[in-house]
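J.: give me a model of this one.
(2 chains)
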Amino acid sequence: MNDGVNGVALAVFTFFFLLVTVMGFMAARWRRAAEADNLDEWGLGGRSFGTWVTWFLLGGDLYTAYTFVAVPAAIYAGGAAGFFAVPYTILVYPLIFTFLPRLWSVSHRRGYVTTSDFVKGRFGSRGLSLAVALTGLLATMPYIALQLVGIQAVLSVMGIGGGESTHWFIKDLPLLIAFGVLAAYTYSSGLRAPALIAFVKDALIYLVIAVAIVYIPIELGGFDEIFSSAEERLSETGGSLVAGPEGQWAYATLALGSALALFMYPHSITATLSSRSREVIRRNTTILPMYSLMLGLLALLGFMGIAAGIEVDNGQLVVPQLFENMFPDWFAGVAFAAIGIGALVPAAIMSIAAANLFTRNIYRDFFRPDATPAQETKVSKITSLLVKVGALAFVLTLDKTTAINFQLLGGIWIVQTMPALVGGLFTRWFHRWALLGGWAVGMVYGTVAAYNVSSPTQEHFAGSNDTIPLIGEIGYIGLTAFVLNALVTVGLTLVLRALKAPDGKDETEPGDYTADAGDPQVREELPAPAGDR
Amino acid sequence: MSPPSSSGGGPTVTPNRVLIALCLVVPFVAMLWVGSYDSVEPTLIGVPFFYWYQMLWVPLSTALTAVAYVLLRREKAARKRQEEGEVQ
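T.: Have a look, this model is predicted:
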């Protein structure tokens, strides 16, 4: 597979990489506000993004390079079960439509930057806020690491960074360069860098998908041909073209659970809070599904990989290898650039989101309560570097499956913050200690259940599905843990209310949740940007 | 799921709000009811039903969310007019 370097593809890839690097550094000057030493500026792009920028930013954020590589890989390996990514990204938008405008409003009124900020303000509980912050950090770190896995897949198909015999430093050098550059412009430009680069990323991705979905089926003799040869191959490995009666619960619970997880991730929240108004968020939920359509088409590439007779040990190489085999060299370069840049955008946003969480909810709350905005920004910038170095160390030193296991756990974990966050957006009824108790139960159950999943090839963490207690069907562990979490929260709240346990102080007001840009008290730090609506 | 009315007056549950909630709930019913689309036939240009049906729901759910968005905006505008009317 790695028979020499594909020079043309590498040249095209390098060209696009240099282009986005320049853009990343220039982004610092894009729509800059007067007071730049403010976490709102660096970490939320001045909360000034309009419909289109938010669309690119959220799209660049939710549909990562890892998704592009992993979804077709799952289809390639098991058929229909991997397609759950499509219903999952369909369901996430009604959820965002319902919940996030309220979070936007209260965050603008009260100057919140993270979900933990909100939880602390709403429930007056530092413990609960810390739990939410730690969960967010834990869930985001492996996600960043997986973006690197996406870049690695592309690099190794291009013939660089492959080869077992090469010295480790030479082998990892391209990855180190890519990440060094990413770290540098995230540091200097903040959220503006990925927002600007996302334009290039999406233009490339849409172009590549449009070409791939027409060109490859023609080459392979049409969809009939593709699906019949895929069915043949899958029947040998135990996969199938449909979910099947035994697989339906798993399919549905994975779709729902992943949708709940996706919009709870710190990087989704960061991109949402950076928008200019409630309207921008709602309008976006009606245009973001464009990406889901693209994801569905991408998933079909997994079947094309089977039909094209691609044999890879590591399923994640299916799509890059398919591009390499089917496309002329120069266009394969464009396709690789699309995946590579597709990894840079979310990695930047995730590291910013993680840095914001650390700065606001650990550094400021527990170590320096009197930190100035300038100090907060400084700490956030440095943390964003550390987070990326950590992710890099993760990928280079540990087995790749470890990163994937952690990512799987991350999804299960992040859903456990939902009762506190979404519950808090609508009601003050839940007791802060009950929420903490429910969170702990959900985290422990989810972790233990995931640890116990085994397969013929893997003793632990072999998947994210397990038997649902009482129902007896196979379902997504994250959702089971969430239901358990919610039940414990409700039960404990009833007990604590009966015992008249002291309630925390709620600093928010009902009106905070419906405020929109232009209303009094909604922070007017936004310099009217030109040319964007 | 609709938030309590902040204007004080007026019923919390209006036909409009029921319609908005419905628009947002329908995709969940459609997508989570896997048994309703778990088959190969009928195929479309060679693509099994399972795949093209779910892809079809992308524009469908988008349209439903868009309807919810428009309804919500209209309701907000109407409430604002009403409040202004009361002031005068």
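
J.: CA only for contacts and neighbour counts going forward, please
T.: Will do.

J.: in the chain, where is pLDDT below threshold?
T.: Going with chain A. By pLDDT under 70, the weakly predicted segments of chain A are A:1-4, A:31-37, A:161-171, A:398-403, A:517-533.

J.: not quite, go with chain B.
T.: Of all residues in chain B, those with pLDDT under 70 make up the ranges B:1-11, B:86-88.

J.: what parts of it come near chain A?
T.: B:1, B:3, B:6, B:24-25, B:27-28, B:31-35, B:38-40, B:45-48, B:50-51, B:54-55, B:57-59, B:61-63, B:65-66, B:69 (Cα under 8 Å from any Cα of the partner chain).

J.: narrow the residues you listed to those in helices?
T.: B:24-25, B:27-28, B:31-32, B:50-51, B:54-55, B:57-59, B:61-63, B:65-66, B:69 (DSSP state H).

J.: buried ones among these?
T.: B:24-25, B:27-28, B:31-32, B:50-51, B:54-55, B:57-59, B:61-62, B:65-66, B:69 (16 or more other Cα atoms under 10 Å in any protein chain shown).

J.: pull the contacting residues for the residue nearest the centre of chain B.
T.: Centroid-nearest residue in chain B, with Cα atoms, centre = their mean: B:C23, separated by 1.9 Å. When contacts are counted by Cα atoms under 8 Å, 6 or more residues apart in numbering or on different chains, B:C23 touches B:L64, B:T65, B:V67, B:A68.

J.: from A:V214, how far off is it?
T.: 33 Å (Cα to Cα, to the nearest Å).

J.: and A:L317, by the same measure?
T.: With distances taken as Cα to Cα, A:L317 is found 21 Å from A:V214.

J.: burial count for the residue of the stretch 251-400 of chain A found nearest chain B?
T.: Per Cα to the nearest Cα, A:A252 is where the stretch 251-400 of chain A lies closest to chain B, at 4.9 Å. Look at A:A252: counted by other Cα atoms under 10 Å in any protein chain shown, it has 23 neighbours.

J.: so what secondary structure elements neighbour the helix or strand in which it is found?
T.: Using DSSP states H and E, A:A252 maps to helix A:248-262. Applying 3 or more Cα pairs under 8 Å, 6 or more residues apart in numbering or on different chains; DSSP states H and E, we find helix A:248-262 packed against helix A:85-110, helix A:400-415, strand A:474-476, helix A:477-498, helix B:15-32.

J.: could you dump those into TSV and include distance to A:G7?
T.: Converted to TSV, the helices and strands packed on helix A:248-262 look like this (distance: least, Cα to Cα, whole Å):
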stretch	distance to A:G7
helix A:85-110	34
helix A:400-415	27
strand A:474-476	44
helix A:477-498	44
helix B:15-32	45
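
J.: so which of the ones you listed comes closest to A:D516?
T.: Of all the helices and strands packed on helix A:248-262, it is helix A:85-110 that lies closest to A:D516, at 6.1 Å by Cα to Cα.

J.: what ranges do the helices span in the stretch 151-300 of chain A?
T.: Secondary structure of the stretch 151-300 of chain A by DSSP state H, counting those that start in this stretch: the helices cover A:168-189, A:192-220, A:222-237, A:248-262, A:266-273, A:278-287, A:290-307.

J.: list the buried residues in the shortest one.
T.: Neighbour counts using 16+ other Cα under 10 Å place A:P266, A:H267, A:S268, A:I269, A:T270, A:A271, A:T272, A:L273 of helix A:266-273 among the buried residues.

J.: and the residue nearest to the first one when sequence neighbours are not counted, what does it touch?
T.: Spelled out, that is A:P266. The shortest distance from A:P266 to any non-neighbouring residue, by Cα to Cα, 6 or more residues apart in numbering or on different chains, is to A:A353 (5.5 Å). Listed by Cα under 8 Å, 6+ apart, the contact partners of A:A353 are A:G43, A:T114, A:P266, A:H267, A:T270.

J.: which of these sit farthest apart?
T.: Spanning the widest gap among the contacts of A:A353 are A:G43 and A:P266, at 11.9 Å by Cα to Cα.

J.: just give the nearest non-adjacent residue to the residue of chain B at minimum distance from chain A, would you?
T.: Shortest chain B-to-chain A distance, computed as Cα to the nearest Cα: residue-wise this is B:G46, at 4.1 Å. Closest residue to B:G46 apart from its sequence neighbours, by Cα to Cα, 6+ apart: A:D224 at 4.1 Å.

J.: let's have the helices of the stretch 151-300 of chain A in a markdown table, adding distance to A:T14.
T.: Shown next, in a markdown table, are these (distance: least, Cα to Cα, whole Å):
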| stretch | distance to A:T14 |
| --- | --- |
| helix A:168-189 | 10 |
| helix A:192-220 | 14 |
| helix A:222-237 | 33 |
| helix A:248-262 | 31 |
| helix A:266-273 | 27 |
| helix A:278-287 | 31 |
| helix A:290-307 | 24 |
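
J.: winner for burial among those?
T.: Mean neighbour count, computed with mean count of other Cα atoms under 10 Å in any protein chain shown, is highest for helix A:266-273 among those, reaching a mean of 26.

J.: what angle separates it from helix A:278-287?
T.: 120 degrees (axes from the mean of the first three to the mean of the last three Cα atoms, to 10 degrees).

J.: now the angle from helix A:266-273 to helix A:192-220?
T.: Relative orientation of helix A:266-273 and helix A:192-220, computed by the same axes, to 10 degrees: 110 degrees.

J.: what helices and strands are in contact with helix A:266-273?
T.: helix A:39-44, helix A:51-62, helix A:85-110, helix A:329-358.

J.: how does it look with 6 Å?
T.: helix A:329-358 (3 or more Cα pairs under 6 Å, 6 or more residues apart in numbering or on different chains; DSSP states H and E).

J.: how big is the angle separating the helix it packs on from helix A:266-273?
T.: Using the same axes, to 10 degrees: helix A:329-358 against helix A:266-273 is 90 degrees.

J.: next SSE downstream of helix A:329-358?
T.: helix A:373-397.

J.: can you list the buried residues in that next one?
T.: A:375-381, A:383-385, A:387-392, A:394-396.

J.: tell me what that helix is packed against?
T.: If contacts are counted by 3+ Cα pairs under 6 Å, 6+ apart, helix A:373-397 sits against helix A:329-358.

J.: what angle do the helix it packs on and helix A:51-62 make?
T.: Using the same axes, to 10 degrees: helix A:329-358 against helix A:51-62 is 90 degrees.

J.: now helix A:329-358, how far from the centre of its chain.
T.: 11 Å (Cα atoms, centre = their mean, to the nearest Å).

J.: tell me the secondary structure of the closest residue to A:A462 other than its chain neighbours, please.
T.: Nearest residue to A:A462, sequence neighbours excluded (Cα to Cα, 6+ apart): A:S454, at 4.9 Å. Following DSSP: H, G, I helix; E, B strand; the rest coil, the label given to A:S454 is coil.

J.: what number of residues lie near A:S454?
T.: A:S454, neighbours per other Cα under 10 Å, totals 14.

J.: dihedrals phi and psi, it?
T.: Taking degrees, to the nearest 10, you get phi -120, psi 160 for the backbone angles of A:S454.

J.: was I right about it contacting A:N465?
T.: No: counting by Cα atoms under 6 Å, A:S454 does not reach A:N465; the two are 10.2 Å apart.

J.: what strand or helix carries residue 71?
T.: By default, I'm working from chain A. helix A:65-78.

J.: try chain B instead
T.: Using DSSP H and E, B:L71 maps to helix B:49-87.
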